[in-house]
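Participant: here is a sequence together with a model predicted from it:
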Amino acid sequence: MDANVLTSSFQLAVANNAGFVAWCVEKYNSEPVVQVGLNLEDPPDGYNYPLVAISFATKRGGLGSDRETLLYAVSFAILDDAAPDVDGKLKTYRQVVDLEEGRQLLVKALASADLDGGQFGEIEVENDPVEFFPIFSTNMAIPVTRPYVFREDKLI
């Protein structure tokens, strides 16, 4: 299985994950858009949220090694212009809480993908929760380590 096939496996696993899809519908009245790649110069319009963007980023290992690590960039974004909840001096953007809840469900959905004998490594998370209001987003770097099998006809 090459990097692109694994990317497609992630895409299908997320799009077909009942728990993640139900959460998106319950919270944001829409099934998630799950796409490969993301053009930040031309961001999706408001009808394309919640959004999951999956991209193959880097590969380490291969020839001379029995293992390889593929690194995937996965972004999750919601669009919600609701004002923050205010209770005296406490101010809470509910969307920040939703974003983390959805991210955790997204990781479970990704983990259900066929990893071709591989396993997830330590996931790095970076949040941009209010910077691009009304878009709330989180970005993950997800390494997948798996056995390396050299095939001349299928170089990755």
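Facilitator: Noted; the coordinates are in hand. Numbering: from 1, shown residues only.
Participant: give the contact list for the spatially most central residue of the chain.
Facilitator: Nearest to the mean C-alpha position of the chain, by Cα atoms, centre = their mean, lies Val74 at 3.2 Å. Neighbouring residues of Val74 by Cβ atoms under 8 Å, 6 or more residues apart in numbering: 10, 52-55, 106, 110, 139-140, 142. (Each C-beta comes from the backbone N, C-alpha and C, glycine too.)
Participant: Trp23 too?
Facilitator: Trp23 touches 101-102, 105, counting by Cβ under 8 Å, 6+ apart.
Participant: what about it, which SS state?
Facilitator: helix (DSSP: H, G, I helix; E, B strand; the rest coil).
Participant: who does the top helix by length along the chain touch, helix- and strand-wise?
Facilitator: Secondary structure of the chain per DSSP state H: the longest helix is helix 94-111. The contact analysis (3 or more Cβ pairs under 8 Å, 6 or more residues apart in numbering; DSSP states H and E) places helix 94-111 against helix 3-15, helix 18-28, strand 67-79, strand 124-132, strand 135-147.
Participant: pLDDT of stretch 8-22, averaged?
Facilitator: Mean pLDDT, stretch 8-22: 97.
Participant: how many neighbouring residues does Ala109 have?
Facilitator: 23 (other Cβ atoms under 10 Å).
Participant: wait, it sits on Ala18?
Facilitator: No: Ala109 is beyond contact range of Ala18, at 9.2 Å (criterion: Cβ atoms under 8 Å).
Participant: pull the helix or strand with minimum mean pLDDT from the protein.
Facilitator: Lowest by mean pLDDT, DSSP states H and E among the helices and strands of the chain is strand 124-132, with a mean of 86.
Participant: tell me the strands beside that one, with direction?
Facilitator: strand 135-147 (antiparallel) (DSSP bridges).
Participant: list the buried residues in the strand it pairs with.
Facilitator: 135-146 (16 or more other Cβ atoms under 10 Å).
Participant: how about the residue sitting furthest away from the middle of the chain, phi and psi?
Facilitator: Centroid-distance maximum for the chain: Gly88 at 35.2 Å, with Cα atoms, centre = their mean. With angles defined as degrees, to the nearest 10, Gly88 sits at phi 60, psi -120.
Participant: low-confidence ranges in this protein?
Facilitator: Along the chain, segments meeting pLDDT under 70 span 1, 46-47, 62, 129, 149-156.
Participant: repeat that for 80
Facilitator: Along the chain, the model assigns pLDDT under 80 to residues 1, 40-47, 62-65, 128-130, 148-156.
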